[in-house]
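**Student:** could you work out the structure for the sequence below:
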Amino acid sequence: MPRVLLVEDDPSVREGIELGLRRRGHEVRTAATGEAGLTAIQEFRPDLLLLDLMLPGVNGVQVCRRVREGSQLPIIMLTARGDDFDVVVGLEAGADDYIVKPARTEVIEARIRAVLRRIEEPGGRPAVEFHGDLAIDRAGLTVAKAGERLALAPSELRLLLYLTAAPEQVFSRQQLLEQVWEHSYHGDARLVDACVRRLRHKIEDVPGSPRYIQTLRGFGYRFGPL
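**Tutor:** Modelled structure (predicted):
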């Protein structure tokens, strides 16, 4: 089972989530501050980080940004509010998903599995695909631009693989939420929009004038090199 690091300053919330995940077989390490969480990442080497947004001192957004400077560790943000600003800032900092507290352990477990699940690709596709100056290795789950390997967060990689599997096809935000994030309910389109913005900054020469991931207003997104 995946090793989970939980960084949460509220003792009752922290203990409740920890107990629920341990009962499901996870090895769990906890931390109450952002500083302690950053240290635990190095010592514990988790498979996934559950990160509270509103931490004292070094807050969740700052922790997320520091992690993303040198790691593609999957991150799920925990927030007590569904506030637009909080959610968007957390996603822009590099989080792969978010959960509004309080949440049942079943919901947290489902999100963990969705974020960590490897993408199963259909057979018959070439090992490496070339789209303009992008080289996508589906078996190795790597992407290179002009020969230089890109550091993509798990959600960014899943989104790119999904879009490039059907070039020129238009996908709505809800379709992408269901297929990439595995949100079967009417999910939050901000997850998609924030991930697209982050991905464009990594694969596009000019993110404001995208060549690869194109927006069709009122419909969604498609992949198609211009």
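
**Student:** where's the residue nearest the centre of the chain relative to residue 131, distance?
**Tutor:** What sits nearest the mean C-alpha location of the chain, by CA atoms, centre = their mean, is residue 96, with 1.8 Å. For residue 96, the distance to residue 131 equals 23 Å [CB to CB, to the nearest Å]. C-beta here means a position set from N, CA and C on the backbone, and glycine is covered the same way.

**Student:** same question for residue 197.
**Tutor:** Where residue 131 is concerned, residue 197 sits at a distance of 19 Å (CB to CB).

**Student:** swap in residue 213?
**Tutor:** Per CB to CB, residue 213 is found 11 Å from residue 131.

**Student:** overlap in contacts, those two.
**Tutor:** residue 223 (CB atoms under 8 Å, 6 or more residues apart in numbering).

**Student:** residue 153 reaches residue 94, doesn't it?
**Tutor:** Yes: between residue 153 and residue 94 there is a contact under CB atoms under 8 Å: 5.6 Å.

**Student:** who touches both of these two?
**Tutor:** Common neighbours of residue 153 and residue 94 (CB under 8 Å, 6+ apart) are 68, 75, 198.

**Student:** the first one contacts residue 95, doesn't it?
**Tutor:** No: counting by CB under 8 Å, no contact exists between residue 68 and residue 95, whose distance comes to 9.1 Å.

**Student:** the more surrounded of the two?
**Tutor:** The residue with more neighbours, out of residue 68 and residue 95, is residue 95; 30 against 17, by other CB atoms under 10 Å.

**Student:** contacts only, for that one.
**Tutor:** Here residue 95 is in contact with 51, 64, 75-77 (CB under 8 Å, 6+ apart).

**Student:** and residue 47, by the same measure?
**Tutor:** Contacts for residue 47 (CB under 8 Å, 6+ apart) come out as 2-4, 74, 116.
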